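1. no sequence for this one, just the structure:
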């Protein structure tokens, strides 16, 4: 992964979703680094896939709330598991999709922003709070984290590269917005105990993740996930819907009138990057495992030729961590090598295409075990 300069969040390069071979006890490649952790093996090098053209998620939606109202709306949706993407006070396409999902569930006209904004104003009294830099910097921040994969394999974990990066992910935002709120002088000189202005969300606490492998929950296993590759959204339903409304443009190019889905079992939606078209595995699959802090196997021969190296001295095990190419969570599917996982670069969700898996921000992917379980069906469409 290329370095991410602290002060140029808008210029972040993509993190690639890497195809992973799900290990089994009979597989010689299945190496458990610790209880609950699995090896994730890529088929394509993250540096070999070009950055895609930014999608509409980067463009503010005209006529939508601005200022504090925009931040309140994004926080309101985020806390209800209708992910608006990065909280930055600039509602784009992901916020629009989240509003539509909230309207579906609550029976409002699908494109109505009045009701949801009114609820956001009542629910979120203050869009900002004071974030205190936690006393975990020695363990979770490494300014000298190398970019080279071989050198990374020699480190203890793929940590954050700065306290600012840690705080941005902690409060579901990016460095660019923290710079806007606090200024460069404050953000570039953070230490344990420093206080900065942050979005008023429930923080993502990296230090609370233990690295467990989540067990099957029969109630959650009955749920149904739809990976919508047209709108770049993961949608979770209480059960497999009888019918799902998928918005499509008519053949003549006109825009079809939006209409609310009849199914009211929608319980959560999150922005995703589904991968390049040729790598997407459409169809019905099943969640097989949900693992915190997965490690990743780097095999140059596999990356360049598609064949595993016969020389194990050229295969390197990369440690886990927030800057892992697969983030802090891996939910493997019954389709070998495909999973729902986190990312090192939440800013690229939706606009940097990956090599096949379904990528979410770390603060969103960590919620999946509270919503789904091994046994949950996943429909990629």
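-> Noted; the coordinates are in hand. Bear in mind the structure is a predicted one, so any value in this text is a computation, not a measurement.
2. what distance do you get for residue 319 to residue 154?
-> 9 Å (Cβ to Cβ, to the nearest Å). C-beta here means a position set from N, CA and C on the backbone, and glycine is covered the same way.
3. how about residue 169?
-> For residue 169 relative to residue 154 (Cβ to Cβ), the value is 24 Å.
4. also residue 117?
-> On the measure of Cβ to Cβ, residue 117 and residue 154 end up 50 Å apart.
5. residue 169 and residue 154: who's more crowded?
-> For residue 169 versus residue 154, neighbours defined as other Cβ atoms under 10 Å are more numerous around residue 169 (24 against 11).
6. what about residue 78, which SS state?
-> Three-state call for residue 78 (DSSP: H, G, I helix; E, B strand; the rest coil): helix.
7. and for it, the neighbour number?
-> 23.
8. report pLDDT for it.
-> Note for residue 78: predicted pLDDT of 98.
9. same question for residue 325.
-> The model reports residue 325 with a pLDDT of 85.
10. same check on the one 4 residues further on?
-> Per-residue pLDDT puts residue 329 at 96.
11. can you count the residues close to it?
-> 25.
12. leaving out chain neighbours, which residue sits closest to it?
-> residue 365 (4.3 Å; Cβ to Cβ, 6 or more residues apart in numbering).
13. residues in contact with that neighbour?
-> Residue 365 makes contact with 327-329, 331, 340-342 under the criterion Cβ atoms under 8 Å, 6 or more residues apart in numbering.
14. can you list the residues you listed in JSON lines and add secondary structure?
-> As requested, the contacts of residue 365 are arranged in JSON lines below (three-state DSSP):
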{"residue": "327", "secondary structure": "coil"}
{"residue": "328", "secondary structure": "coil"}
{"residue": "329", "secondary structure": "strand"}
{"residue": "331", "secondary structure": "strand"}
{"residue": "340", "secondary structure": "strand"}
{"residue": "341", "secondary structure": "strand"}
{"residue": "342", "secondary structure": "coil"}
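15. which one of the residues you listed is nearest residue 85?
-> Of all the contacts of residue 365, residue 342 has the smallest distance to residue 85: 14.5 Å, by Cβ to Cβ.
16. ok, that closest one touching residue 329?
-> Yes: judged on Cβ atoms under 8 Å, residue 342 makes contact with residue 329 at a distance of 5.0 Å.
17. intersection of neighbour lists for those two?
-> 362, 365-366.
18. and the residue nearest to residue 329, how far from residue 330?
-> Applying Cβ to Cβ to residue 365 and residue 330 gives a distance of 9 Å.
19. overlap in contacts of these two?
-> 340-342.
20. is residue 271 in a bridge, and if so with what?
-> Beta bridges link residue 271 to residue 233 when assigned by DSSP bridges.
21. so which residues of the stretch 51-200 of the chain form helices?
-> 67-79, 93-106, 114-123, 137-140, 149-152, 163-170, 175-182, 184-187 (DSSP state H, counting those that start in this stretch).
22. dump those into TSV; add distance to residue 235 as well.
-> TSV is the format used below for those (distance: least, Cβ to Cβ, whole Å):
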stretch	distance to residue 235
helix 67-79	14
helix 93-106	7
helix 114-123	17
helix 137-140	32
helix 149-152	34
helix 163-170	23
helix 175-182	26
helix 184-187	35
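23. and residue 379, which of the ones you listed is closest to it?
-> Across these, residue 379 has its closest neighbour in helix 93-106 (16.5 Å, Cβ to Cβ).
24. for the closest one, what does the pLDDT average out to?
-> Rounded mean pLDDT across helix 93-106 is 95.
25. so it versus helix 67-79, what angle?
-> 60 degrees (axes from the mean of the first three to the mean of the last three Cα atoms, to 10 degrees).
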